[in-house]
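Asker: sequence plus predicted model, see below.
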Amino acid sequence: MTIEKCFFAGFPLDPADQKRSDDGWLFKKITDPSSRFLIYVAGRPLMNVADGLMPVFKTTEEVSMITGGNWAKTDWVFIGLDGETAFFAVGLPRKPAVAAHEKFIDLRSVALQVSTQGFSDMPALLGRGKMLLEWQARRHFCSCCGHRTRADHGGYIRKCTNDACGREHFPRTDPVVIMLVTSGDKCLMGRGRDWPEGQYSALAGFMEPGETIEEATRREVWEESGIRVGAVRYLKSQPWPFPSSLMIGVQADALTSEITIDTNELQDAQWFDRTSLLNLLEGGGTENIVLPQKIAIARYLLEHWLQHG
Ligand SMILES: [Zn+2]
């Protein structure tokens, strides 16, 4: 039952940090016929929908026809190496002409269906490209002086072109605590205001500056549900490329039981008992409850608690 590894975890390539800082090496790779390119529009990767669902890897020649070969004016990042083969991700401002069996598809909606043929961790590869390209698209101008930036270090840095400023901007990752609060044989789950009917999940929220994971967990649970939390145990983390979060999965012990929800955040929160959840997971139960999807770390937290307590 347990999910061993979270979706979007397990990046399969060598990020080659030392090599990607070498512009000469990058130029050779970006023009090398053996290099491969993922294409994105608005964070959506180009997928082959003809037979299953596989990312489309374009060759240097194919991608140059799409971009006009103008790398200086195209958002691109070096993703990593598989042996000597370099992989890049290219972000386009609008959809190019593609074959009938190719489509730009939202990564969240297809993550569970993506074939892992050829790589053990295709979602992690697609997620990293999405995160870096979306960050690049938001950093074309320096947030310190307003001048244009240019990509550096294989697209992992945006450098201000104003010599008087010269600020380097780095990709951001936003930490989110996501917690399964438990009390004996019960666990706490809530549902957001616009969620599909019956959908429940672990409570979660962005960490605030200066907080520890434990403090953020206790604050979020108190704010959203009115439950006081004691011990907090870290379990697992998950990169979440929507747009660029790191989900920090914990289990937390409840000290109180009376729920008072924050109606700005939640529509409902309830204690769920172990037996009915196990029944639901095995396909039984008559309640109209939808558990977290398997691509979400909330599902792991739930299954881990059901298995191990
Ligand atoms: Zn600047």
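Answerer: Here it is on my side, so go on. Numbers count the residues shown, from 1 in each chain.
Asker: surely residue 186 and residue 273 touch.
Answerer: Yes: assessed by CB atoms under 8 Å, residue 186 is found in contact with residue 273 at 5.3 Å. For the C-beta atoms, the positions are set from N, CA and C on the backbone; glycine is no exception.
Asker: elements contacting the lengthiest helix in the chain?
Answerer: Across the chain, the longest stretch assigned as helix under DSSP state H is helix 122-138. In terms of contacts (3 or more CB pairs under 8 Å, 6 or more residues apart in numbering; DSSP states H and E), helix 122-138 is packed against strand 36-41, strand 44-48, strand 54-55, strand 75-82, strand 85-92, helix 107-110, strand 229-240.
Asker: of the ones you listed, which is nearest residue 196?
Answerer: helix 107-110 (13.3 Å; CB to CB).
Asker: so which bits of the closest one are buried?
Answerer: 107, 108, 110 (16 or more other CB atoms under 10 Å).
Asker: tell me the contacts of the last one?
Answerer: The reference is to residue 110. 47, 53 (CB atoms under 8 Å, 6 or more residues apart in numbering).
Asker: how close does it get to the ion?
Answerer: Per CB to the ion, to the nearest Å, residue 110 is found 38 Å from the ion.
Asker: which of the helices and strands packed on helix 122-138 sits closest to residue 62?
Answerer: Among the helices and strands packed on helix 122-138, strand 36-41 sits nearest to residue 62 (CB to CB), with 7.6 Å.
Asker: just to revisit the earlier point, ok, residue 186 and residue 273, which is more surrounded?
Answerer: residue 186 (16 against 12; other CB atoms under 10 Å).
Asker: how about the residues of the stretch 51-200 of the chain by the ion?
Answerer: 142, 144, 145, 147, 160, 162, 165, 167 (CB under 5 Å from the ion).
Asker: quick one, which of those are buried?
Answerer: By 16+ other CB under 10 Å, those give 142, 160 as buried.
Asker: narrow the residues of the stretch 51-200 of the chain next to the ion to those in strands?
Answerer: Among these, the ones falling in strands (DSSP state E) are residue 160.
Asker: who does residue 158 bridge with?
Answerer: According to DSSP bridges, the partner residues bridging residue 158 are residue 151, residue 169.
Asker: can you count the residues close to it?
Answerer: 25.
Asker: so it touches residue 149, yeah?
Answerer: Yes: in this structure, residue 158 is within contact of residue 149 by CB under 8 Å, at 3.9 Å.
Asker: mutual contacts of these two, please.
Answerer: 139, 140, 169.
Asker: save the helices and strands packed on helix 122-138 as TSV, and put in distance to residue 10 and mean pLDDT too.
Answerer: Shown next, in TSV, are the helices and strands packed on helix 122-138 (distance: least, CB to CB, whole Å; pLDDT from 0 to 100):
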stretch	distance to residue 10	mean pLDDT
strand 36-41	17	97
strand 44-48	17	94
strand 54-55	16	88
strand 75-82	13	95
strand 85-92	15	96
helix 107-110	16	81
strand 229-240	10	97
